[in-house]
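Novice: give me the fold of what follows.
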Amino acid sequence: MLSTEGGAIIGSTEDPRYPPVREEDLTTLTLRAYHTLLDDAPPYFLAHMPWLLANSAGGHSDERFETAAWYKDRQGATLPVVEALKTDARKDEVRDSKLENRSITIQIITNIQRARLSHQGTGLRRLKSNCE
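Specialist: Next up is the predicted model:
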């Protein structure tokens, strides 16, 4: 199973039992999601890819998505979650899992530059070259 376009979004209020998601909540919840994959997820849960790495910084022009984007521009402005993932002490951990009698090594990808930006594959290449 792959989880795509998931995770917390700043300002989100889907569940009225909780207050809107704040910037610091985004960071905490994103790290918790990756750590849960390392520690507790079933072997068939292979990846979690949060929404949304970049919008205008990746060459997309839909303003509806800009508030959710982690990369804000091509000069390096990002939400704190980016630095938290880059410096997470567990970012290089892997887990070994058994699935259908074969060993699968599952690496939790915290290099967010590998995330899929949109149906425009060129946006990721542009963003990656500008952020390295």
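
Novice: for the rest of this, base every contact and every neighbour count on C-alpha atoms.
Specialist: Will do.

Novice: quick one: average pLDDT of whichever strand or helix holds residue 31?
Specialist: Residue 31 is part of helix 23-39 when elements are defined by DSSP states H and E. Helix 23-39 carries an average pLDDT of 93.

Novice: what's the following helix or strand after it?
Specialist: strand 47-50.

Novice: so which elements touch that next one?
Specialist: strand 2-6, helix 23-39 (3 or more C-alpha pairs under 8 Å, 6 or more residues apart in numbering; DSSP states H and E).

Novice: any chance of these in a markdown table, plus mean neighbour count?
Specialist: Below are these laid out as a markdown table (neighbours: other C-alpha atoms under 10 Å):
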| stretch | mean neighbour count |
| --- | --- |
| strand 2-6 | 13 |
| helix 23-39 | 17 |
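
Novice: what are the ranges of the strands in this protein?
Specialist: 2-6, 47-50, 94-99, 102-107 (DSSP state E).

Novice: run the chain-centre distance for the shortest one.
Specialist: When you say that, I think you mean strand 47-50. 6 Å (C-alpha atoms, centre = their mean, to the nearest Å).

Novice: need the nearest residue in space to the most centrally placed residue in the chain, chain neighbours excluded.
Specialist: The centroid of the chain falls nearest to residue 50 when counting by C-alpha atoms, centre = their mean (3.5 Å). In space, residue 50 comes closest to residue 6 once its chain neighbours are excluded; the distance is 4.5 Å by C-alpha to C-alpha, 6 or more residues apart in numbering.
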